[in-house]
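[1] Structural data only, the sequence is not supplied:
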């Protein structure tokens, strides 16, 4: 039995890098992470915060963790959104989000169980190439239906017919989730208004597979390599992602793999550039008091803080009020890292906490440039019964550029026949 | 500066204990290293920027800038502890090295000058100065724990209070020793004879306390004193372009309110 434990701890250790094993010991136990952790704010147990997880992983790799402590580690490791807040405030600079993801990989490989919801989603991505278990043929339908409904200025062309300089990568959520398809339609419309020559992959668009990495799936490098090869065949087109999670996958996760550096922009980077060049006509005032929620994958994970704010600053009539926790200290809504799949109620409570922070600014709208955060924050609004509206950044920009295209009209046009 | 005062010092006990403690600490660290070596190799850093990495290391290890952003009090306490330790460790290393070199007549007379001769004042001033800095840091750290006591359940299993208290007691014993030494130098012969056993006892406790600290190091939270500078350097290799991590607007950061302030 002791030998089994030793072999298992060796297998977990072999799944981490030696730097990560040193990081487990380097923790100064100061507890700074705990005060900032959005999960700990909802479930105040030492095992939940980074210090507790580091201690448990240290015990596991030394082979000194009891069965009960192992179960606690698995729970706390998967009920973490890997938002990266603990990394930013850690005086030792332990790269915690990377460590949590790698630890999930190492534990999975060593035969530790995973939450069922995460396993199901990983299977769906590997087998069906999207996280919604929908036929891939439906992926580009939003563009066809939006054009037929008169929501677009021109039809959106497929890359294989029109290899344009920009490729819009809509991602699974904006392609399949009826509540978020307006993000894809509004992105296309805004790019058309600015005269950007772009195309989409339609049914050939793959899932970025970054969720596999978030949840520590062993197949991520191979799955990502296939997608890198596909996207490398796009003759140097710049990929534009409107989803913060896809952007982190395409821009950050792929770059750590061989030949994985691709030309990728987040939509807000391109919009900020188009606004600076005067290519987006802002014809209408949008008199709203809003607050901005930094998505973890866009902010802390990709260091894009300024571009979304410059887009908002350009919209006439808009008043932006920051929450005390913003930028690198933005509090996570709980949608990242597979947390919602492991514990949905916890995600709702985290989002409710963030919604209350947004309400305290006196804003009537919380805006974010990530469709996944939009879904997460909407759960928080339901949980609190708040009157706050959650809008994607595209919706605000569209009100200034093409107010006739609303999310309600998009939803009606794209509804299943 | 008082003359060197004579009182019995159990050097043999000290050196045996020091050798054992060092052997134990090195063996424990070697075992730790074997554990870390089970991990996978590091991928190469995406962009090599040795000067930026060095700048981050100096700012975060030697100046502890990241703590200023969290709390002035924590920064002052930790910086004083770090520098006090570095100063005293350098002095101890110098003493050990000179003593060893003097034993084989390779010190060029420096050992006699620094340990017994005119240079003794410099050595004492260095030791007392950094000792005071360390004591101030530990006092601040303890005061902070009194002013901001942790709530029940807030302590981790590996809380650092026993370590801080041990370091405080060890540092204080050094100053008591120094005070008694001064008293002995000025004391009448009868009083000096009564003081000597106390000095010997205190010297032994202080010396063995220091030795015990060396042995405890690999198994205590003090290990972070060795590993944190390494981790800061290793992660700066990959993350040096991150302004939000290494060069955040301090005022904004403080405005968010560190829960540990």
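    Yep, that arrived. Quick caveat, the model's predicted, so the values are computed rather than measured. Numbers count the residues shown, from 1 in each chain, chains lettered A, B, ... in the order given.

[2] quick one: the residue of the stretch 101-250 of chain B found nearest chain A and residue A:400, what's the gap?
    Closest residue of the stretch 101-250 of chain B to chain A, Cβ to the nearest Cβ: residue B:227 (3.6 Å). Bear in mind the C-beta positions are built from the backbone N, C-alpha and C, glycine included. Remark: distance between residue B:227 and residue A:400 (Cβ to Cβ, to the nearest Å) = 52 Å.

[3] can you pull out the helices in the stretch 151-300 of chain A?
    Ranges of helices in the stretch 151-300 of chain A, per DSSP state H, counting those that start in this stretch, are A:171-176, A:181-193, A:210-214, A:220-232, A:244-247, A:267-276.

[4] List the contacts of the last one.
    Helix A:267-276 is contacted from outside by A:166, A:187, A:190-191, A:194, A:196, A:240-242, A:280, A:282, A:298, A:304, A:306-308, A:310-311, A:314, A:369, A:393-394, A:397, using Cβ atoms under 8 Å, 6 or more residues apart in numbering or on different chains.

[5] Restrict those to the buried ones and give me that as a PyMOL selection.
    Filtering these down to the buried ones (16 or more other Cβ atoms under 10 Å in any protein chain shown) takes a single PyMOL command:
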select buried, chain A and resi 166+187+190+191+194+196+240+241+242+280+282+298+304+307+308+311+314+369+393+394+397
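
[6] tell me the SS of the residue located most distally from the centre of chain B?
    Note on chain B: the largest C-alpha distance from the chain mean falls to residue B:190, namely 37.5 Å (Cα atoms, centre = their mean). Three-state assignment for residue B:190 (DSSP: H, G, I helix; E, B strand; the rest coil): helix.

[7] nearest spatial neighbour of residue 215, skipping sequence neighbours?
    You didn't pick a chain, so chain A it is. residue A:338 (4.3 Å; Cβ to Cβ, 6 or more residues apart in numbering or on different chains).

[8] Correction: the question concerned chain B.
    Residue nearest to residue B:215 in three dimensions, not counting chain neighbours: residue B:21, with 4.0 Å by Cβ to Cβ, 6+ apart.

[9] And residue B:141, by the same measure?
    Closest to residue B:141 by Cβ to Cβ, 6+ apart is residue B:77, at 4.4 Å.

[10] Relative to chain B, how far out is residue A:410?
    Separation of residue A:410 from chain B (Cβ to the nearest Cβ, to the nearest Å) stands at 34 Å.

[11] Would you indicate which residues of whichever strand or helix holds that residue are buried?
    Element membership for residue A:410 (DSSP states H and E) is helix A:407-414. Residues A:407, A:409, A:410, A:413, A:414 are the ones in helix A:407-414 that count as buried (16+ other Cβ under 10 Å).

[12] what do you get for stretch A:245-265?
    For stretch A:245-265, burial by neighbour count (16+ other Cβ under 10 Å) applies to A:245-254, A:257, A:260, A:262-265.

[13] With stretch A:63-70 instead?
    Buried, per 16+ other Cβ under 10 Å, within stretch A:63-70: A:63, A:65, A:70.

[14] swap in stretch B:51-62?
    With burial defined by 16+ other Cβ under 10 Å, the residues of stretch B:51-62 counted as buried are B:53, B:56, B:59, B:60, B:61.

[15] do the same with stretch B:197-208
    So stretch B:197-208, judged by 16+ other Cβ under 10 Å, has buried residues B:199, B:202, B:203, B:204, B:206, B:207, B:208.

[16] just checking, which of these belong to helices?
    The helices, defined by DSSP state H, take in B:199, B:202, B:203, B:204, B:206, B:207, B:208 from those.

[17] Spatially nearest residue to the last one (excluding sequence neighbours)?
    Computed as Cβ to Cβ, 6+ apart, the closest residue to residue B:208 that is not its neighbour in sequence is residue B:17, at 5.7 Å.

[18] tell me what the helix or strand harbouring that neighbour is packed against?
    Per DSSP H and E, residue B:17 falls inside helix B:11-36. Judged by 3 or more Cβ pairs under 8 Å, 6 or more residues apart in numbering or on different chains; DSSP states H and E, helix B:11-36 is in contact with helix A:18-26, helix B:189-216.

[19] Let me know the average pLDDT across that helix.
    Summarised as a single mean, pLDDT over helix B:11-36 is 95.

[20] So for that helix, what gets flagged as buried?
    Buried positions in helix B:11-36, judged by neighbour count with 16+ other Cβ under 10 Å: B:14, B:17, B:18, B:21, B:24, B:25, B:28, B:32, B:35, B:36.

[21] show me the biggest helix of chain A in terms of residues.
    If you go by DSSP H, chain A has its longest helix at helix A:344-359.

[22] Buried residues in it, which are they?
    Applying 16+ other Cβ under 10 Å to helix A:344-359 flags A:346-355, A:357-359 as buried.

[23] And for stretch A:28-47?
    By 16+ other Cβ under 10 Å, the buried positions in stretch A:28-47 come out as A:28-43, A:46-47.

[24] Which ones, among the residues you listed, also lie beside chain B?
    With Cβ under 8 Å from any Cβ of the partner chain as the criterion, the buried residues of stretch A:28-47 include A:28, A:29, A:30, A:31, A:32, A:34, A:35, A:36, A:46 near chain B.

[25] Can you say which helix or strand has the closest residue to chain B within the stretch 1-150 of chain A in it?
    Closest contact between the stretch 1-150 of chain A and chain B, by Cβ to the nearest Cβ, is at residue A:35 (2.5 Å). Per DSSP H and E, residue A:35 falls inside helix A:32-36.

[26] wait, does the following helix or strand past that helix make contact with chain B?
    As assigned by DSSP H and E, the chain's next helix or strand after helix A:32-36 is helix A:50-62. Yes. Helix A:50-62 comes into contact with chain B (Cβ under 8 Å from any Cβ), by way of A:51, A:52, A:55, A:61, A:62.

[27] Looking at chain B, which helix is longest?
    helix B:72-103.

[28] Check which helices and strands the helix or strand just after that one sits against.
    Note on helix B:72-103: by DSSP H and E, the next helix or strand toward the C-terminus is helix B:110-111. Applying 3+ Cβ pairs under 8 Å, 6+ apart, one finds that helix B:110-111 contacts helix B:72-103.

[29] helices or strands up against the helix it packs on?
    Applying 3+ Cβ pairs under 8 Å, 6+ apart, we find helix B:72-103 packed against helix B:65-68, helix B:110-111, helix B:120-147.

[30] would JSON lines of these with distance to residue A:173 be doable?
    Formatted as JSON lines, these follow (distance: least, Cβ to Cβ, whole Å):
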{"stretch": "helix B:65-68", "distance to residue A:173": "36"}
{"stretch": "helix B:110-111", "distance to residue A:173": "71"}
{"stretch": "helix B:120-147", "distance to residue A:173": "46"}
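
[31] how about JSON lines for the ones you listed, with mean pLDDT added?
    Below are those laid out as JSON lines (pLDDT from 0 to 100):
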{"stretch": "helix B:65-68", "mean pLDDT": "89"}
{"stretch": "helix B:110-111", "mean pLDDT": "89"}
{"stretch": "helix B:120-147", "mean pLDDT": "92"}
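
[32] Dump the ones you listed into JSON lines; add mean neighbour count and distance to residue A:143 as well.
    Converted to JSON lines, these look like this (neighbours: other Cβ atoms under 10 Å in any protein chain shown; distance: least, Cβ to Cβ, whole Å):
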{"stretch": "helix B:65-68", "mean neighbour count": "20", "distance to residue A:143": "47"}
{"stretch": "helix B:110-111", "mean neighbour count": "19", "distance to residue A:143": "81"}
{"stretch": "helix B:120-147", "mean neighbour count": "16", "distance to residue A:143": "59"}
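
[33] Flag every buried residue along the strand or helix carrying residue B:233.
    Taking DSSP H and E as the definition, one finds residue B:233 inside helix B:224-239. Of the residues in helix B:224-239, B:224-225, B:227-239 count as buried by neighbour count, 16+ other Cβ under 10 Å.
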